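[1] Need coordinates for the following:
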Amino acid sequence: MRVAVNLEQLLFRAPGGTGRYTARIVSLLTRLFPGDSVIPFTARHRSRDLLEAYRDFGLDQAQVPGPVVLALPRPLLYDAWNRLAIPRLDVLKSFADCDLVHAPSPAVPPTGRLPLVVTVHDAAFELFPEAYPRRGRRFHQLGVEAAARRADLVITVSESAAEEITTHTSISRQRLRVVPNGVDHVEATPGEIAEALDNYKLGGTPYVLWVGTQEPRKNLKMLVSAYARLVEGGGITHRLVLAGPIGWLADNLISGADRARLKDRIRIVGRVSESELRALYAGADVFAFPSRHEGFGLPVLEAMVQGACVICSDIDALREVAAGAARFVPPSDVDAWVDNLGELLSQPSSRAALGVAGRIRAGDFSWEATVTATRAVYAEAVGG
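    Predicted coordinates:
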């Protein structure tokens, strides 16, 4: 099977979990199914940016060929796809031998006669419209409307996401297929941990870690406020470390008052490499993930692989993914976050027990299983 895959998510400033999902699909498909081939494609970008995206996600051009670069830059291409339904991929020479097109995000091309599979990760843009800039929300709305019109089948990443997509969009449950995300089972080495802690000047100081794209629905303001209260209460020596790129509407996610209260007890490290990320998870005493909403919550599993103790929001998707291997706290209850963080930071045995449970739970997920199930959806779409 020859599968064309939109790699545009890899070129975003904050590619997030959808970027990792896209990269794993294209890198593993031909490894697991040697008779298959991938035709990556993107909007028009500088060659240097394309090379950097491949490097950042560990894509080998011997296995994943360089992308077909379409004629229009991203904003014009998306408008042409959504408003004019051009250019149709089935009339372009580069896709002449293609069997199927996969859009791993709501950037949905018109494919004409070619079968189309789209991944819709959640319906957060409808549930939390205030957490999106106007253009970002409109992009998701138009993309999901295009998926409803054009896609033969739609993949989503959890039963929770399937329920909200069915409820809040025009995609029917009959066309949805739930394929959970995977996780990389590569544990950080002692050398990687030591190097990362040294690079970020964390050696000798225990810390609580948060990972994600800095945007409103990740609930960073609440976490930082809770942590400031915890530190002011005394007895806690930990720093709060925030790792991940700047997303949209990020200017006021951390208040100036909380920064002043925490002083050097908060460290914002920004976007990090995959090896550094593994090391930061492994070195953390606690991984805190207080999102107001997630379709899946990949960082929770990534932390569990490294044996980190996880405390996260008590929301449907994270209950589904983490099962009983995390401490769950309502995302809007600041007092509960103060109490539960304080309890875990003062009880090494509780942290150790959750770390062991998390490693066991993470063993239920792999990118190989995700790609195998995704390949079955491709076969269904082509056969149907």
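[2] Show the low-confidence segments of the chain, by residue range.
    248-253, 255, 257-258, 260, 384 (pLDDT under 70).
[3] hey, where'd the strands end up in it?
    2-6, 37-42, 68-69, 100-103, 116-119, 153-156, 176-178, 207-211, 239-243, 266-270, 286-289, 309-313, 327-329 (DSSP state E).
[4] Which secondary structure elements does the third one sit against?
    Taking 3 or more Cβ pairs under 8 Å, 6 or more residues apart in numbering; DSSP states H and E as contact, the helices and strands that strand 68-69 lies on are strand 37-42. The C-beta positions use only the backbone N, C-alpha and C, and glycine is treated the same way.
[5] Paired strands for the strand it packs on, with orientation please.
    Strand pairing for strand 37-42, using DSSP bridges, gives strand 2-6 (parallel), strand 68-69 (parallel).
[6] All the helices of the stretch 101-250 of the chain, residue numbers only.
    124-127, 134-150, 159-168, 190-199, 220-232 (DSSP state H, counting those that start in this stretch).
[7] distance between stretch 223-239 and the chain's centre?
    From the chain centre to the centre of stretch 223-239 is a distance of 27 Å (Cα atoms, centre = their mean, to the nearest Å).
[8] mind checking the end-to-end distance for stretch 289-301?
    Terminal residues of stretch 289-301 lie 11 Å apart, using Cα to Cα, to the nearest Å.
[9] about what we covered before: kindly reformat the strands of the chain as JSON lines and extend each row with distance to Ala226 and mean neighbour count.
    JSON lines is the format used below for the strands of the chain (distance: least, Cβ to Cβ, whole Å; neighbours: other Cβ atoms under 10 Å):
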{"stretch": "strand 2-6", "distance to Ala226": "38", "mean neighbour count": "22"}
{"stretch": "strand 37-42", "distance to Ala226": "40", "mean neighbour count": "20"}
{"stretch": "strand 68-69", "distance to Ala226": "46", "mean neighbour count": "16"}
{"stretch": "strand 100-103", "distance to Ala226": "38", "mean neighbour count": "26"}
{"stretch": "strand 116-119", "distance to Ala226": "33", "mean neighbour count": "26"}
{"stretch": "strand 153-156", "distance to Ala226": "31", "mean neighbour count": "24"}
{"stretch": "strand 176-178", "distance to Ala226": "33", "mean neighbour count": "16"}
{"stretch": "strand 207-211", "distance to Ala226": "10", "mean neighbour count": "24"}
{"stretch": "strand 239-243", "distance to Ala226": "10", "mean neighbour count": "22"}
{"stretch": "strand 266-270", "distance to Ala226": "12", "mean neighbour count": "16"}
{"stretch": "strand 286-289", "distance to Ala226": "9", "mean neighbour count": "26"}
{"stretch": "strand 309-313", "distance to Ala226": "11", "mean neighbour count": "27"}
{"stretch": "strand 327-329", "distance to Ala226": "9", "mean neighbour count": "19"}
